[in-house]
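K.L.:
Test case, fold it:
(one chain, ligands or ions: 1)
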Amino acid sequence: MTDSEHDITAAERDVVLRLLEPRGEHAAAFRAQLAGARVRSSCECGCPSFLILVPVTGPRSTAPRSESTNGPLTDGYAETTDGHAIGLILWQSAGLLCAVEIYAYEDIGPFALSDLVSISASDRSDGPPTASP
Ligand SMILES: [Zn+2]
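P.N.:
Here you go, the predicted model:
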């Protein structure tokens, strides 16, 4: 994993858009923030969690803030290509996207964003789509 900051990649944008899906039109402001967003890895353990840096000043600061409150936006679910269950949480702060937390339910060692398949999401207020064991 690298600490270097970079423009959000297509793969990272894809994950965020997938996680915003259950929010429907209420996520319009968050989607708009992806245009100028920068990304930095937020983890040392080998998981692909990342911070989303939305510019609020300067020439890239056209992003509107959402009226939503702070905290987690949605819960995501995915599998790795070799079948392990993965959880994702999309976080915001003060109406701006701020992080995607990605975790395995068991210790599976390092994995990458590109190892994730079947990403789905549910609104935090709706609970998970299926009952957890
Ligand atoms: Zn990690």
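K.L.:
what does the protein put close to the ion?
P.N.:
43, 45, 47 (Cβ under 5 Å from the ion). The C-beta positions use only the backbone N, C-alpha and C, and glycine is treated the same way.
K.L.:
any residues touching the one helix or strand Val100 maps to, and which ones?
P.N.:
Here Val100 sits within strand 96-104, counting by DSSP states H and E. With Cβ atoms under 8 Å, 6 or more residues apart in numbering as the test, strand 96-104 has contacts from 12, 15-16, 19, 30, 33-34, 37, 42, 47-52, 54, 56, 63, 65-66, 80, 84-92, 111, 113, 116.
K.L.:
Swap in 7 Å and give it another go.
P.N.:
15-16, 19, 30, 33, 37, 42, 47-52, 54, 65, 84, 86-92 (Cβ atoms under 7 Å, 6 or more residues apart in numbering).
K.L.:
Filter those down to the buried ones and express that as a ChimeraX selection.
P.N.:
Entered in ChimeraX, the line below selects the buried ones among these, by 16 or more other Cβ atoms under 10 Å:
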select :15,16,19,30,33,37,42,47,48,49,50,51,52,54,84,86,88,89,90,91,92
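K.L.:
Within the sheet, what are the partner strands of the strand holding Val100, with directions?
P.N.:
strand 50-53 (antiparallel), strand 85-93 (antiparallel) (DSSP bridges).
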